[in-house]
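Q: sequence-free structure coming up:
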């Protein structure tokens, strides 16, 4: 009967599948789907492992980057390098913060790092890696920095290598008490003249001093490089075509020193600043000097001391017979020819040269950029003090006006000897113990002795 019931018109009709069987079939199907998904997962994991193995097979390059510290810049650089590493998984950079002397000793011993940030860039000339053939776009480097910066890293006049770049500059220019000018109703010469000279400035300063009772027209220390920028503007030439340091016996240097001595004798300059016992910064910050000649690195200190005492600005350097150069010192990022990973080092440097990366470094470290495209675009400094922000931007605008010697002097092997000898000899001149000829003769003898000792 059952069989008969299942027959209809001679055709076989399938009997319903028992429910337990259906459940079992569904479970088997589900398990198969899970197995297929797991298999796909295993394939993806395996592929990832193969990729990782490929990177390992190529070896992740680790670069040693020796860094001489100047404030908080190593922390900023570490952050920027972390971003580079995130986008370049085949390169890792060990930032090793050390004293400059320790880095130079390591280089001299033949154990140079892959890369370094140095201030005494002349000491390791000849050891640097030429990046010209390694960079994807050498013009990004060559077109964006003052030519003298490259010369500072080169081994001679016939060397055309590209060995690195200046990560920052310290440049000189005049700090001006603008509140005193406004109170006296006197315009800044740089606002009303196209190329005001130091004489033009002195006339205006004298007028302001007369109206306000401020005792000193300007303050400048007889220390280190402070007097070199004005002398260079007036035509002094300290470095010859071969880069040798010579004491110029010309009207440029003599004119400035005689002018300064005249201001000292008439009481327009604080005596102790030129005799080696005082600090010009204090005279300006207290409102006792209208102009203060110094470098960009003092901007934050000056702002902190002045507070709300008065408004101040950075003016362009006065014009002289040889232009309106300031004086500069630099630090530079380089790679070394001894590195086993020249292409990786070049990739790091090319990253650091990108205007947005370079500008962020300058903004966060509150330093003057040397990168000309960054200077042109302007840096949005990471500081709430609008006066310091404006000051740093004003210093940067003076970078293209720098003479070659204004950049190269400070890294010359005899620069330190010059600073020490000139400060002593000129102190005697300003004190009246030596004539200008006597001071120049003593300075020249000290330089000759230093050169003989250097071999």
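A: Perfect, thanks for sending it. Since the model is a prediction, treat every value here as computed from it, not as a measurement.
Q: show me what contacts the residue nearest to the spatial centre of the chain?
A: Nearest residue to the geometric centre of the chain (Cα atoms, centre = their mean): residue 168, 1.0 Å. Contacts for residue 168 (Cβ atoms under 8 Å, 6 or more residues apart in numbering) come out as 70, 73, 330, 331, 362, 365, 367, 368, 369, 370. The way it works is simple: take the backbone N, C-alpha and C, and place the C-beta from them, glycine included.
Q: Okay, and the closest residue in space to the third one that isn't next to it in sequence sits in which element?
A: The spatially closest residue to residue 330, leaving aside those adjacent along the chain, is residue 166, at 4.4 Å (Cβ to Cβ, 6 or more residues apart in numbering). When secondary structure is defined using DSSP states H and E, the element that contains residue 166 is strand 164-177.
Q: any idea which helix or strand comes after that strand?
A: Counting by DSSP H and E, the next helix or strand C-terminal to strand 164-177 is helix 178-184.
Q: And the helix or strand just after that following helix, what's buried?
A: On the C-terminal side of helix 178-184, the nearest following helix or strand under DSSP H and E is helix 189-192. By neighbour count with 16 or more other Cβ atoms under 10 Å, helix 189-192 contains the buried residues 189, 190.
Q: can you list the residues that contact the helix or strand that helix 189-192 is followed by?
A: Using DSSP H and E, the helix or strand that directly follows helix 189-192 along the chain is helix 198-212. Contact partners of helix 198-212, identified using Cβ under 8 Å, 6+ apart, comprise 174, 180-181, 183-189, 193, 214-218, 230, 233-234, 259, 263, 268, 290-291, 318, 320.
Q: Same check on stretch 64-74?
A: 77, 81, 93-100, 103, 106, 113-119, 167-168, 331, 348, 361, 364-367.
Q: Filter those down to the buried ones.
A: 77, 81, 93, 95-98, 100, 103, 106, 113-119, 167-168, 331, 348, 361, 364-367.
Q: tell me the contacts of residue 383?
A: For residue 383, the contacting residues are 366, 389, by Cβ under 8 Å, 6+ apart.
Q: And it, what's its pLDDT?
A: Among the per-residue scores, residue 383 holds a pLDDT of 97.
Q: Need the distance between the two termini of stretch 140-155.
A: End-to-end distance of stretch 140-155 (Cα to Cα, to the nearest Å): 22 Å.
Q: Can you point out the buried residues in the helix or strand residue 139 falls within?
A: In this structure, residue 139 is located in helix 138-142 according to DSSP H and E. Buried positions in helix 138-142, judged by neighbour count with 16+ other Cβ under 10 Å: 140, 141, 142.
Q: after that helix, next one along is what?
A: The helix or strand immediately downstream of helix 138-142 is helix 147-153, counting by DSSP H and E.
Q: contact partners of that following helix?
A: Counting by Cβ under 8 Å, 6+ apart, 121-122, 125, 128, 142, 161-166, 243, 330, 332, 334, 370, 402-408, 411 sit against helix 147-153.
Q: and residue 290, which of the three is it?
A: Following DSSP: H, G, I helix; E, B strand; the rest coil, residue 290 is assigned to strand.
Q: ok, now how distant is it from residue 363?
A: 31 Å (Cβ to Cβ, to the nearest Å).
Q: ditto for residue 224
A: Separation of residue 224 from residue 363 (Cβ to Cβ): 27 Å.
Q: same deal with residue 244?
A: 38 Å.
Q: what about these two, which has more around it?
A: Set residue 244 next to residue 363 and count neighbours by other Cβ atoms under 10 Å: residue 363 wins out with 19 against 11.
Q: list the contacts for the more buried one?
A: 379, 380, 381, 382.
Q: Could you do residue 154 as well?
A: 125, 160, 161, 163.
Q: What is the neighbour count of the second one?
A: This points to residue 160. Residue 160: 10 neighbours (other Cβ under 10 Å).
Q: again with the first one
A: The criterion is other Cβ under 10 Å. On that basis, residue 125 has 16 neighbouring residues.
Q: ok now do it, which residues does it touch?
A: Per Cβ under 8 Å, 6+ apart, neighbours of residue 125: 153, 154, 155.
Q: Can you tell me the element the residue lying closest to residue 122 once chain neighbours are set aside falls in?
A: Excluding the flanking residues, the one nearest residue 122 by Cβ to Cβ, 6+ apart is residue 411, at 4.5 Å. Following DSSP H and E, there is no helix or strand that holds residue 411.
Q: begin at 382 from here
A: Taking 382 as the first residue, the last one we looked at is residue 792.
Q: How much space separates residue 792 from residue 485?
A: 13 Å.
Q: Please enumerate the shared neighbours of the two.
A: residue 501.
Q: for the protein, what spans make up the strands?
A: Secondary structure of the chain by DSSP state E: the strands cover 388-389, 392-393, 442-449, 472-479, 496-499, 545-558, 597-600, 670-676, 693-695, 709-716.
Q: So which of the ones you listed is nearest residue 736?
A: The closest of the strands of the chain to residue 736 is strand 545-558. By Cβ to Cβ, the value is 12.3 Å.
Q: on that earlier part again, want to throw the contacts of residue 535 into CSV with pLDDT?
A: Putting the contacts of residue 535 into CSV (pLDDT from 0 to 100) gives the following:
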residue, pLDDT
506, 96
541, 96
542, 97
544, 98
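Q: Taking the residues you listed together, which two end up most distant?
A: By the measure Cβ to Cβ, 506 and 541 form the most distant pair in the contacts of residue 535, at 14.0 Å.
Q: Now do the same for the closest residue to residue 726 other than its chain neighbours: its pLDDT.
A: For residue 726, ignoring the flanking residues on the chain, the nearest one in space by Cβ to Cβ, 6+ apart is residue 716 at 4.0 Å. For residue 716, the model assigns a pLDDT of 98.
Q: what do you get for the one 10 residues further on?
A: You'll see residue 726 listed with a pLDDT of 98.
Q: cool, and residue 401?
A: So residue 401 comes in at 48 (pLDDT).
Q: Report the buried residues of stretch 818-833.
A: Neighbour-count burial for stretch 818-833, with 16+ other Cβ under 10 Å as criterion, is recorded at 820, 821, 823, 824, 827, 828, 831.
Q: contacting residues around the closest residue to the fifth one other than its chain neighbours?
A: Translated: residue 827. Using Cβ to Cβ, 6+ apart and skipping residues adjacent in sequence, the residue nearest residue 827 is residue 802, 3.4 Å away. Counting by Cβ under 8 Å, 6+ apart, residue 802 touches 823, 824, 827, 828, 831.
Q: Do I have it right that the second one meets residue 628?
A: Yes: because the distance of 5.9 Å satisfies Cβ atoms under 8 Å, residue 824 is recorded as touching residue 628.
Q: low pLDDT regions in the protein?
A: The chain contains residues with pLDDT under 70 at 382-439, 836.
Q: So what are the structural domains in it, by residue number?
A: Domains of the chain are assigned by automatic domain parsing as 442-550+710-758, 553-709+773-835.
Q: Out of those domains, the one nearest residue 767 is which?
A: Per Cβ to Cβ, nearest to residue 767 of those: domain 553-709+773-835, 10.1 Å.
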